[in-house]
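Student: Just need the structure, nothing else, for what follows:
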Amino acid sequence: MDIISKFTVGSEEGISDLITIIDSSVYSLHKDFVSEEDIKKYISNDIDPRKMINELNDLSNQLIMTYADQQPVGYSIIKSGSVYPGIPEGKRSAEISFVILPEFDSPETRQSLWKKCRSALGFTDIIWINMLSHDPLLEFLKESGFTPVSQTQAGPFQLPSSILKMEIHKN
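Tutor: Residues are numbered from 1 along each chain as shown. Below you'll find the model as predicted:
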């Protein structure tokens with residue numbers, strides 16, 4: 001399988017690929033906790049392509065898409081300057097999302113997306129993410145150097161989550 005991760009602009013094609021992954025990942029991450037009807041309602045009412053295009057055309061945000069055999073299978077959105085309570089004053093931070101469809105979750109896919117994401121984060125001091133506690137990618141992020149900061153709730157259905165951070169040590 002040919003796996004590639006690349007920066008993607010908020011074009012129609014880029015947004016279409018992103019929405020395909022979001023729709024599928026929202027379902028797979030929430031199906032054991034929320035009714036299918038509520039998931040479908042959320043997807044149809046709250047996932048707005050125009051809003052995503054505007055968000056991705058903000059110069060402080062970047063989208064990285066991962067493709068397996070040219071099919072979209074994962075993404076990371078990097079939001080520069082986004083902070084959570086407890087980041088020391090004077091430290092630059094960036095929030096990331098990290099999503100891979102379960103049927104394409106493999107060490108190769110994880111590494112491809114993480115390497116591209118990490119290469120884009122050299123400008124910051126702290127990377128943070130709010131990840132659902134039951135997300136299968138949570139352990140990968142911990143193995144990659146993220147440490148838990150606090151427990152909270154996240155996502156459209158406010159399920160248990162963990163805020164994780166990674167400090168970037170510059171040479």
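
Student: can I get the CA coordinates of the worst-scoring helix or strand of the chain on mean pLDDT in CSV?
Tutor: Lowest by mean pLDDT, DSSP states H and E among the helices and strands of the chain is helix 49-56, with a mean of 84. Extracted in CSV, the C-alpha atoms of helix 49-56 (Å, rounded to 0.1, in the frame of the first residue of the first chain):
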residue,chain,number,x,y,z
PRO,A,49,-17.8,22.7,4.4
ARG,A,50,-17.9,26.6,4.2
LYS,A,51,-16.9,26.9,7.8
MET,A,52,-14.0,24.4,7.3
ILE,A,53,-12.8,26.3,4.2
ASN,A,54,-12.7,29.5,6.2
GLU,A,55,-10.9,27.8,9.1
LEU,A,56,-8.3,26.2,6.8
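
Student: could you pull out the strands for this structure?
Tutor: 3-8, 61-68, 71-80, 93-96, 99-100, 126-132, 147-154, 159-167 (DSSP state E).

Student: any idea which of those is most buried?
Tutor: The highest average neighbour count among the strands of the chain, using mean count of other CB atoms under 10 Å, belongs to strand 99-100 at a mean of 24. (Glycine included, C-beta is placed from N, CA and C.)

Student: circling back: distance to residue 33 and mean pLDDT added to the strands of the chain, as TSV?
Tutor: Below are the strands of the chain laid out as TSV (distance: least, CB to CB, whole Å; pLDDT from 0 to 100):
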stretch	distance to residue 33	mean pLDDT
strand 3-8	29	94
strand 61-68	25	95
strand 71-80	21	95
strand 93-96	23	94
strand 99-100	17	97
strand 126-132	9	95
strand 147-154	12	93
strand 159-167	6	95
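
Student: export stretch 81-98 as CSV, just CAs?
Tutor: Taking C-alpha atoms only, stretch 81-98 is exported to CSV below (Å, rounded to 0.1, in the frame of the first residue of the first chain):
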residue,chain,number,x,y,z
GLY,A,81,-1.3,29.9,18.9
SER,A,82,-4.1,27.8,20.4
VAL,A,83,-3.7,27.4,24.1
TYR,A,84,-5.1,25.4,27.0
PRO,A,85,-5.0,26.5,30.6
GLY,A,86,-1.6,25.8,32.2
ILE,A,87,0.7,26.6,29.3
PRO,A,88,3.5,28.8,30.7
GLU,A,89,3.4,32.4,29.7
GLY,A,90,5.8,33.2,26.9
LYS,A,91,5.7,29.7,25.4
ARG,A,92,4.4,29.3,21.9
SER,A,93,1.9,26.5,21.5
ALA,A,94,0.0,24.7,18.8
GLU,A,95,-3.1,22.4,19.0
ILE,A,96,-3.3,19.4,16.8
SER,A,97,-5.9,16.9,15.8
PHE,A,98,-4.8,13.4,14.8
